[in-house]
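Engineer: Following is a predicted model, sequence given first.
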Amino acid sequence: MNAIIGRLISGVFGAIGLVIIVSLWTAEGFGEPPLFFKLVGTLIASIFVLVGVAGALGLQPKAPPIGPIRGASPRGRPGAAQLACTNCGASLGEGADVSPSGDVKCTYCQRWFNIHGQA
C-alpha cells in the first residue's frame with residue numbers, strides 16, 4: 001500500500017513538472033515569459049520530472065535499517081546516560097565524575113550512590 005501511495009505522489013510531482021515546462025514554452029502573446037525565465041523554469045521543472053520518473057520506476061532511496069548503533073555499549077553494561085540515581089531517579093550525565101570505586105554524587109538531589117550496585 002505504501003509503495004502505491006509513494007508512486008502516486010511521485011507521479012504527481014512528474015505531472016507538475018511537465019505542466020510547467022509545457023506552459024512555459026507554449027505561451028504566446030503578451031503573457032509570454034522571457035527566454036531567461038523559460039530556461040530557468042525548465043531547469044527547475046525538470047527536477048520535478050526526474051523525481052516523478054524515478055518514483056514511478058521505484059528508484060527511491062531506501063531508508064537505512066533500524067538496529068543497534070555501532071559503537072553503542074554492549075548489553076548488560078549500561079552506559080553513563082543509562083544510569084540513574086537510586087534516590088530520585090535522575091539520569092547520570094555524560095560528563096559526571098565517578099570515583100574509581102564507582103561512587104557518584106547526583107547533581108539533582110546531591111545524594112551519593114554507587115554505580116556498581118546498579119549494573
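Structural biologist: All right, it came through fine.

Engineer: which residues does V51 contact?
Structural biologist: S10, F13, G14, G17 (CB atoms under 8 Å, 6 or more residues apart in numbering). The C-beta positions use only the backbone N, C-alpha and C, and glycine is treated the same way.

Engineer: Filter those down to the ones in helices?
Structural biologist: The helices, defined by DSSP state H, take in S10, F13, G14, G17 from those.

Engineer: before we move on, back to that, what's the closest of the contacts of V51 to N2?
Structural biologist: For those, the minimum distance to N2 (CB to CB) is 12.4 Å, reached by S10.

Engineer: so can I have JSON lines of the ones in helices among the contacts of V51 showing neighbour count, pLDDT and distance to S99?
Structural biologist: Formatted as JSON lines, the ones in helices among the contacts of V51 follow (neighbours: other CB atoms under 10 Å; pLDDT from 0 to 100; distance: CB to CB, whole Å):
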{"residue": "S10", "neighbour count": "21", "pLDDT": "87", "distance to S99": "58"}
{"residue": "F13", "neighbour count": "20", "pLDDT": "90", "distance to S99": "59"}
{"residue": "G14", "neighbour count": "20", "pLDDT": "92", "distance to S99": "63"}
{"residue": "G17", "neighbour count": "21", "pLDDT": "94", "distance to S99": "64"}
